[in-house]
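Participant: sequence and predicted model, in that order:
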Amino acid sequence: MFHLTLSLATLLPHSASPYIALMLIGFAAGILGHLTGLRWLVAAGIALIFLGAFLFPLALNLTESTPPQLKNR
């Protein structure tokens, strides 16, 4: 199971741009959800922000022996 986790972690990007884009999409979805009154869209926006700001970078850092420095392109 751990080997599968390591191989999936190699798919995560090593630059900051995709994580920032995911958070911005989450903010846009949350704002749109508030404007339209769709609670599920607000929840999806919060989930995207949480994934981009915490879970994906944490998974990248936990699966690497020496965490890489994020590079802006």
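Facilitator: Sure, I can see it. Numbers count the residues shown, from 1 in each chain.

Participant: give me the pLDDT for the residue nearest to the spatial centre of the chain.
Facilitator: What sits nearest the mean C-alpha location of the chain, by C-alpha atoms, centre = their mean, is residue 52, with 2.1 Å. According to the prediction, residue 52 has pLDDT 87.

Participant: identify the residues contacting it.
Facilitator: Applying C-beta atoms under 8 Å, 6 or more residues apart in numbering, we find residue 52 in contact with 18, 19, 20, 21, 22, 23, 26. Every C-beta, even on glycine, is put in place using the N, C-alpha and C of the backbone.

Participant: likewise residue 45?
Facilitator: Taking C-beta under 8 Å, 6+ apart as the criterion, residue 45 is in contact with 26, 27, 28, 29, 30, 31, 32, 33.

Participant: skipping adjacent residues, who's closest to it in space?
Facilitator: Of all residues not flanking residue 45 in the chain, residue 30 sits nearest, at 3.0 Å (C-beta to C-beta, 6 or more residues apart in numbering).

Participant: so how far is residue 34 from residue 59?
Facilitator: Distance, residue 59 to residue 34, by C-beta to C-beta, to the nearest Å: 29 Å.

Participant: following element in sequence after the top helix by length along the chain, please.
Facilitator: The residue-count maximum for a helix in the chain (DSSP state H) belongs to helix 17-36. Next helix or strand after helix 17-36 toward the C-terminus (DSSP states H and E): helix 39-50.
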